[in-house]
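Asks: kindly generate the corresponding structure for this input.
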Amino acid sequence: MEMYDRQIRAFGIAGQKILQGLHVGIVGAGGIGSLICVLLTRLGVGRITLLDPDVVEVTNLNRLAGATWKDAEEGAAKVETLARYAESINRDVQVIPVQGSVLEEATQEYLKGCDVLFGCTDNQSSRWVLNQLANKHLIPYFDTGTGIKVGSDQRIEHAGGQVRVVIPGLGCLQCIGGLKMDIVQQELLPEPDRNVALQLGYIDGAEIKAPAVASLNGVIANLAVTEFMAFVTGLRPVQRFIAYDFMNATVLPYTFPKDPDCFACSPLGSLAIGDEGAPFPGELLVDPSSSKDQGETPMENEMKSVQEAIAELLDHAEQNGVPIEGDPDSQWFLMQRVTLGDVFSRPTSSIMVKFFGDNIDPVILIPARVEMDSNAQICPYFMAARPCLKGWKALCPHMFQDVGGDLLPFVACLCGFLANPSLCGCMGCPAREADDDQS
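Replies: Predicted structure coming up:
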C-alpha cells in the first residue's frame with residue numbers, strides 16, 4: 001500500500017480497496033485512452049482490459065502515452081505498447097491487451113465482465129456499441145471525446161471536449177441525442193460497400209484526420225478519471241455531463257434527464273436484456289393496443305431469406321423492364337431512376353438498399369447530393385434537413401410494421417412513398433394525420 005499512501009489520505013483505505021477490486025475496460029488506446037490507462041494504473045485499479053485495433057505510427061507520438069520511436073518504427077500494437085508501459089508503472093495492476101475492434105462481437109466478450117467502461121474513440125459507431133453494451137449489461141460507461149475546429153487561416157476557431165457518463169437506468173447517449181445515427185450507419189457499412197457508396201455519392205466526402213493535441217486530451221482524460229474516482233468511491237455525486245471549452249477556459253457541468261421513451265435504455269427496450277437479444281421495438285407500433293385484434297402481422301409470417309427475396313426481385317424486375325440491379329449474394333440492390341418529385345434538386349435518383357445477414361431492417365442509402373426545397377411534400381420520417389443513410393425503421397416506422405418481412409411490397413411501398421407520401425398506404429402516420437388536420 002506504500003505506493004498509494006498519498007491518495008489513501010484523500011479517500012481512505014476503503015476507497016483504495018474498491019479501486020483494487022475493479023475491472024475496467026478501456027476502448028481506444030489513443031491520445032485520451034492511453035492517458036486514462038496511465039491514470040487508472042497509478043490509482044491502482046486491479047485489472048484493465050485495453051481494446052484497440054491499431055498500431056503505433058509516427059504521427060501518434062505527439063499524444064500517445066508510453067509510445068516511443070521504436071514502437072512506431074516496428075508498428076507495435078497500441079495495446080501491447082500501453083500494457084508494457086502500464087505494468088512498468090505498477091506491477092500490481094493486471095493489464096489485458098486486446099488488439100481488435102469493439103465493432104466485432106468476439107472482442108465485445110472481453111468487455112461484458114467489466115465493472116466500468118471508458119470509451120475513448122473518435123467515431124460514432126463505437127459509441128453506439130458501447131452505449132448498447134452499457135444498457136444491456138448494466139455497466140456504467142464513461143464516454144470521452146475532444147474536437148478542434150481550424151479555420152482556413154489555420155487558426156483555431158473552437159476546441160474542447162466532453163465527458164458523458166451513462167449510468168444504466170438513469171439515461172444514455174441516445175436520450176440526449178448524443179449519437180448521430182446516420183453517421184453510425186455509414187461507419188457500420190462493410191468496407192467494400194462503403195467504398196461503393198462513396199464513389200456513387202451516397203456519402204459526402206472522405207475521412208479526414210482531425211487535429212489532435214496532447215494537452216487537450218489530458219484535460220478530458222483527467223476530468224473523466226476524476227469523475228470515475230468520485231463515482232466508485234462515493235466521495236461525491238458524479239457529474240454526468242462535463243463540457244470543456246478551450247477558447248473560454250471553462251469547465252461546466254450539466255445534467256440530462258432520462259428519456260422515458262428511449263428504446264436504448266428503457267425497461268421495454270434494451271435495458272438489462274444481456275445477450276438474450278433485442279425485443280421487438282414496441283414504440284414503432286401505430287397503436288399497440290389495437291394491433292392485437294388484427295391477427296397475424298407480416299412480421300410473424302414465415303419469410304424467404306434475404307438472398308432469395310433479392311433474387312426474386314431481380315427476376316421480377318427483368319421480366320417487367322423495371323430498372324433494378326443488384327447482387328443476391330452480397331445482399332444489395334439498386335433502384336434506378338426512382339421518382340422523387342419536382343421539389344428536389346434531382347427529380348429522379350438511384351436508391352441503394354443493403355441488408356446485413358438475415359436482418360430484415362436494411363440500410364437505405366439516399367444520394368448525399370440530392371436536396372429538397374423547404375416546401376417539399378414528403379413525410380418528415382424520411383427526409384431530414386439533408387439526405388443521409390437511414391435504416392428501414394428510421395425511414396418510416398409504419399412502413400416497417402405494415403410491410404414486415406416481404407421484400408417486394410417493401411420496394412413498391414418505398415418507391416411510391418418517395419414519389420408521393422400519400423401513396424405510402426400507411427395507416428395512422430403522424431404526418432398523414434397532420435395533413436388531414438390542415439385540410
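Asks: where does pLDDT dip in the stretch 51-200 of the chain?
Replies: Applying pLDDT under 70 to the stretch 51-200 of the chain flags the ranges 182, 185, 190-200.
Asks: any chance you could map the strands in it?
Replies: Under the criterion DSSP state E, counting those that start in this stretch, the stretch 51-200 of the chain contains strands at 94-98, 116-119, 141-150, 156-166.
Asks: just those strands: most buried one?
Replies: Comparing these on average neighbours per residue, with mean count of other Cβ atoms under 10 Å, the densest one is strand 116-119 at a mean of 25. Using the backbone N, CA and C atoms, a C-beta is placed for each residue, glycine as well.
Asks: pairing partners for that one, with directions?
Replies: When sheet partners are counted by DSSP bridges, strand 116-119 sits next to strand 23-27 (parallel), strand 141-150 (parallel).
Asks: excluding chain neighbours, what is closest to G161?
Replies: On the basis of Cβ to Cβ, 6 or more residues apart in numbering, the spatially nearest residue to G161 that is not a chain neighbour turns out to be T146, at 3.6 Å.
Asks: repeat that for T107.
Replies: The shortest distance from T107 to any residue that is not its chain neighbour, by Cβ to Cβ, 6+ apart, is 3.8 Å, and that residue is G100.
Asks: domain assignment for this structure?
Replies: Following automatic domain parsing, one finds the domains of the chain at 2-254, 299-438.
Asks: endpoint to endpoint, the first one covers what distance?
Replies: Spelled out, that is domain 2-254. 37 Å (Cα to Cα, to the nearest Å).
Asks: now stretch 167-175
Replies: From the first residue to the last, stretch 167-175 extends over 12 Å; the measure is Cα to Cα.
Asks: for that stretch, buried residues please.
Replies: Counting neighbours by 16 or more other Cβ atoms under 10 Å, one finds that the buried residues in stretch 167-175 are I167, P168, G171, C172, L173, Q174, C175.
Asks: repeat that for stretch 72-84.
Replies: If you call a residue buried by 16+ other Cβ under 10 Å, then stretch 72-84 has these buried ones: A72, A76, A77, K78, V79, E80, T81, L82, A83.
Asks: show me the shaky parts of the stretch 301-439 of the chain.
Replies: Residue ranges of the stretch 301-439 of the chain with pLDDT under 70: 301-304, 338-349, 356-439.
Asks: same thing but at 80, please
Replies: 301-306, 309, 316-317, 320-323, 335-439 (pLDDT under 80).
Asks: circling back: can you redo the strands of the stretch 51-200 of the chain as TSV with distance to N131?
Replies: Written out in TSV, the entries for those read as follows (distance: least, Cβ to Cβ, whole Å):
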stretch	distance to N131
strand 94-98	20
strand 116-119	8
strand 141-150	7
strand 156-166	6
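Asks: nearest to M247, of those?
Replies: Of all the strands of the stretch 51-200 of the chain, the one in closest proximity to M247, counting by Cβ to Cβ, is strand 156-166 (6.2 Å).
Asks: could you list the residues in contact with the closest one?
Replies: By Cβ atoms under 8 Å, 6 or more residues apart in numbering, the residues outside strand 156-166 that reach it are 131, 134-135, 140-151, 172-173, 176, 178, 216, 219-220, 223-224, 227, 231, 238-247, 265.
Asks: quick one: residues in contact with the longest helix along the chain.
Replies: Ranked by residue count under DSSP state H, the longest helix found in the chain is helix 214-233. Around helix 214-233, the neighbours that count as contacts under Cβ under 8 Å, 6+ apart are 11, 14-15, 18-19, 22, 31-32, 35-36, 39-40, 43, 62-63, 116, 118, 140, 142, 144-146, 148, 159-163, 165, 235-239, 242, 244, 246, 251.
Asks: could you dump the strands paired with strand 116-119 to TSV with distance to F355?
Replies: As requested, those are exported to TSV (distance: least, Cβ to Cβ, whole Å):
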stretch	distance to F355
strand 23-27	27
strand 141-150	29
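Asks: nearest to D92, of the ones you listed?
Replies: In this view, these are compared for proximity to D92 by Cβ to Cβ, and strand 23-27 is the closest at 13.9 Å.
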